[in-house]
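Enquirer: Structure for the following, please:
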Amino acid sequence: MRVVLARTRQGLSRAWSARPLVLGVWFIHLALAASAVFPLWRALDSVLGPLPEADVLGTGLRLGALADLAELRPGLVSGVGLTVVAVAALGLLVGAAVSGGVLEVLRTTDDRSLGHRFGRGAGRFFGRFVGVSLLVGLLGAVVGAAAVSPFVTLTRSYFREGWGPGRFAPYGAALVAGLTVLLVVLVLDAARICIVRSDGGAWAGLRTGLGLVLRHPLVWTGTWLANAALVAMSVGLFLLFREVVPSGGGPLLLAMVLAQQAFALARTGLRVALLASESALVDELLPAQADSSSSCVS
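Expert: Next comes the predicted model:
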């Protein structure tokens, strides 16, 4: 617990001292979100057009209304779906570049400007970060499928026979799936840090990152959970603000937009803090190779 708290405090301190970096990453995410909203709106507008049935979507997302409109406009699912896939793929690529830039800034202290170091890391590690993301995703899919399959079998048995332990199998499957996702997130971060630390390849980074997480699961999970608790607190404050401030246009709408962006900025800062905490954790767990020019693989 002391290690987790120490690394969390260290990460928060590092993120606070790197406020220009946090602001830059927040702006990149804002630009990405803005670029995603416009094509999504165009895709919906081109399919829905002046349909009066679509008016209900102006007040929020309604799955029932979307299902009815999909029957009226067969192109709705394909048009919006392709746009969502394209935006998600762009987000993954931008995320790989941003992670490389952030880790390069956090782990270097040369005299070059922040923008130079960020761009250097974003370009230098982009290909390896994309590669390790694909490897970790494949590993997570295989592990997740193997872990969930017994629960799927129990569930099918329950529906056939109407009794047995399969009644609770969906909850077990959800728990195992959640733990698998958490494992993927932790291993991906550890692998990326090892790649930057050693300037090694995607496979070497994955091997070392996976070994670190599996050998020290409590420390890694605790560090992530401490950061997640802070994220949950920021979400709670934002939701409380939404409940307190009445809906409306003009100044109220502006206040809501500013609150939403304040939450996005806080979330970005906490993400940078988590990477700083995990980076310090890797250096602590591999003290013999603390020099950034040494190999991350023992």
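Enquirer: Let me know the distance separating A259 from V245.
Expert: 8 Å (Cβ to Cβ, to the nearest Å). Backbone N, C-alpha and C define where each C-beta goes, glycine included.
Enquirer: Hmm, I typed the wrong one, I wanted A145.
Expert: Distance from A145 to V245, by Cβ to Cβ: 44 Å.
Enquirer: tally of neighbours for A228?
Expert: Look at A228: counted by other Cβ atoms under 10 Å, it has 14 neighbours.
Enquirer: Check which helix or strand it maps to.
Expert: helix 217-244 (DSSP states H and E).
Enquirer: in that helix, what's buried?
Expert: For helix 217-244, burial by neighbour count (16 or more other Cβ atoms under 10 Å) applies to 219-224, 226-227, 230, 234, 238.
Enquirer: and if you look at stretch 257-271?
Expert: For stretch 257-271, the neighbour count (16+ other Cβ under 10 Å) marks 263-271 as buried.
Enquirer: From those residues, pick the one nearest T180.
Expert: R271 (21.1 Å; Cβ to Cβ).
Enquirer: For that closest one, give its distance to S149.
Expert: 33 Å.
Enquirer: ditto for N227
Expert: From N227 to S149 the distance is 31 Å (Cβ to Cβ).
Enquirer: which element is the most centrally placed residue in the chain on?
Expert: By Cα atoms, centre = their mean, the mean C-alpha position of the chain lies nearest to V185, the distance being 7.8 Å. Take DSSP H and E as the rule and V185 turns out to sit in helix 169-198.
Enquirer: For the helix or strand just after that helix, list every residue counted as buried.
Expert: Going down the chain from helix 169-198, the next helix or strand is helix 202-215, by DSSP H and E. Residues 202, 204-213 are the ones in helix 202-215 that count as buried (16+ other Cβ under 10 Å).
Enquirer: So which other helices or strands are in contact with helix 202-215?
Expert: helix 126-161, helix 169-198, helix 251-285 (3 or more Cβ pairs under 8 Å, 6 or more residues apart in numbering; DSSP states H and E).
Enquirer: which one of those helices is the most hemmed in?
Expert: helix 169-198 (a mean of 20; mean count of other Cβ atoms under 10 Å).
Enquirer: mind checking how far that one is from the chain centre?
Expert: Counting by Cα atoms, centre = their mean, to the nearest Å, helix 169-198 is centred 11 Å from the centre of its parent chain.
Enquirer: Compute the inter-axis angle for that helix and helix 126-161.
Expert: On the basis of axes from the mean of the first three to the mean of the last three Cα atoms, to 10 degrees, helix 169-198 is oriented at 170 degrees to helix 126-161.
Enquirer: Helix 169-198 - contacts with which helices or strands?
Expert: For helix 169-198, the helices and strands in contact under the criterion 3+ Cβ pairs under 8 Å, 6+ apart are helix 75-107, helix 126-161, helix 202-215, helix 217-244, helix 251-285.
Enquirer: could you redo these as a markdown table and give each row distance to M1?
Expert: Below are the helices and strands packed on helix 169-198 laid out as a markdown table (distance: least, Cβ to Cβ, whole Å):
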| stretch | distance to M1 |
| --- | --- |
| helix 75-107 | 24 |
| helix 126-161 | 28 |
| helix 202-215 | 18 |
| helix 217-244 | 7 |
| helix 251-285 | 14 |
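Enquirer: if you average pLDDT over each of these, which comes out lowest?
Expert: Lowest mean pLDDT of the helices and strands packed on helix 169-198: helix 75-107, a mean of 80.
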